[in-house]
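> Dropping a prediction and its sequence here:
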Amino acid sequence: MAVLRTLICLASIGMFMELAMAANYTVGGANGGWDTSTDLQSWVAAQTFAVGDNLVFQYTPNHDVLEVTKADHDSCQAGNPLQTYTNGNTVIPLTTQGKQYFICGTLGHCNQGMQIEIDTLATSTPPATSPVSPPPETSPSPANAPESAPGSPLSPDVPSEGAPIGVSPSSPPPPPPSSAIKNSFGTCFTLGLALC
């Protein structure tokens, strides 16, 4: 039961760590934004983006956000965008590894620096957890085994009083019911993994 609880808690911690590692990046940072006065290239160079992160574009109605191809990014061509955003508060999830290109489609704004190239890295994969196995059961060797009379409580072929037929006192306990697993997970989750 303790091993199972530990495994469940470790899995829960790993899941929460992955969620906690995702970040929101407001384009331009705290002292700038998606505008012509922010040095967007320096801002991008200071960031590391990973799958699961979000780009947050905040801008006024005279701007927009266009996701474009590399060629359109490099030449500031807004005529054939892959995606167009105009709501003033655009959140773009970074869902795939690789490069994405964004420009402002307002005439002249891309040439004034409103263009960014985002290189999204793969999320770091947590190492696989090896299954925890219980310590091997030790049984006395025949030379050191206590002698017992057939039918006595120490006899390996006769169950002790109250034990089910076919189960000796040294048999491992049956696996916990699935409700015990759920309760263990619920306890870890509810108490913020404090009991894990």
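Cool, the structure landed.

> Tell me which other helices or strands the one helix or strand Y25 maps to touches.
Using DSSP states H and E, the element containing Y25 is strand 24-26. Using 3 or more C-beta pairs under 8 Å, 6 or more residues apart in numbering; DSSP states H and E as the contact definition, the elements that strand 24-26 packs against are strand 54-58. Backbone N, C-alpha and C define where each C-beta goes, glycine included.

> circling back: in its sheet, what does the strand holding Y25 sit against?
Sheet pairing here is set by DSSP bridges, and for strand 24-26 it gives strand 54-58 (parallel).

> Kindly state the pLDDT recorded for S178?
We have a pLDDT of 42 for S178.

> N62 too?
Reported pLDDT for N62: 96.

> cool, and I118?
Listed pLDDT for I118 reads 97.

> The nearest residue to it once chain neighbours are set aside and G33: what is the separation?
With sequence-adjacent residues excluded and distances taken as C-beta to C-beta, 6 or more residues apart in numbering, I118 is closest to Q100, at 4.8 Å. Going from Q100 to G33 by C-beta to C-beta, to the nearest Å gives 19 Å.

> average pLDDT across the following helix or strand past the strand holding Y25?
Toward the C-terminal end, the helix or strand that comes next after strand 24-26 (DSSP H and E) is helix 40-45. Computed over helix 40-45, the mean pLDDT rounds to 96.

> Contacts for helix 40-45, please.
Contacts to helix 40-45, defined as C-beta atoms under 8 Å, 6 or more residues apart in numbering, come from residues 27-29, 32, 34, 113-118.

> now those in CSV, with neighbour count and distance to T106?
Putting those into CSV (neighbours: other C-beta atoms under 10 Å; distance: C-beta to C-beta, whole Å) gives the following:
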residue, neighbour count, distance to T106
V27, 25, 15
G28, 22, 16
G29, 15, 21
G32, 15, 17
W34, 25, 11
G113, 15, 12
M114, 27, 8
Q115, 21, 12
I116, 22, 15
E117, 15, 19
I118, 19, 20
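
> Just say helix, strand or coil for the residue nearest to I118.
strand (DSSP: H, G, I helix; E, B strand; the rest coil).

> Would you mind confirming that it makes contact with Q115?
No. Using C-beta atoms under 8 Å, Q100 is not in contact with Q115; the gap is 11.8 Å.

> more neighbours, Q100 and G33?
Q100 (22 against 18; other C-beta atoms under 10 Å).

> average model confidence for stretch 89-106?
On average, the pLDDT along stretch 89-106 is 97.

> Can you list the buried residues in stretch 90-108?
90, 92, 94, 100-106 (16 or more other C-beta atoms under 10 Å).

> ok, now stretch 56-72?
Within stretch 56-72, the residues that count as buried by 16+ other C-beta under 10 Å are 57, 59, 63-68, 72.

> now do the same end-to-end measure for it.
Using C-alpha to C-alpha, to the nearest Å, one end of stretch 56-72 lies 21 Å from the other.

> Next one, pLDDT for the residue lying closest to W34 once chain neighbours are set aside please.
Leaving aside its chain neighbours, W34 sits nearest to Y59 (4.2 Å; criterion: C-beta to C-beta, 6+ apart). Per-residue confidence (pLDDT) for Y59: 96.
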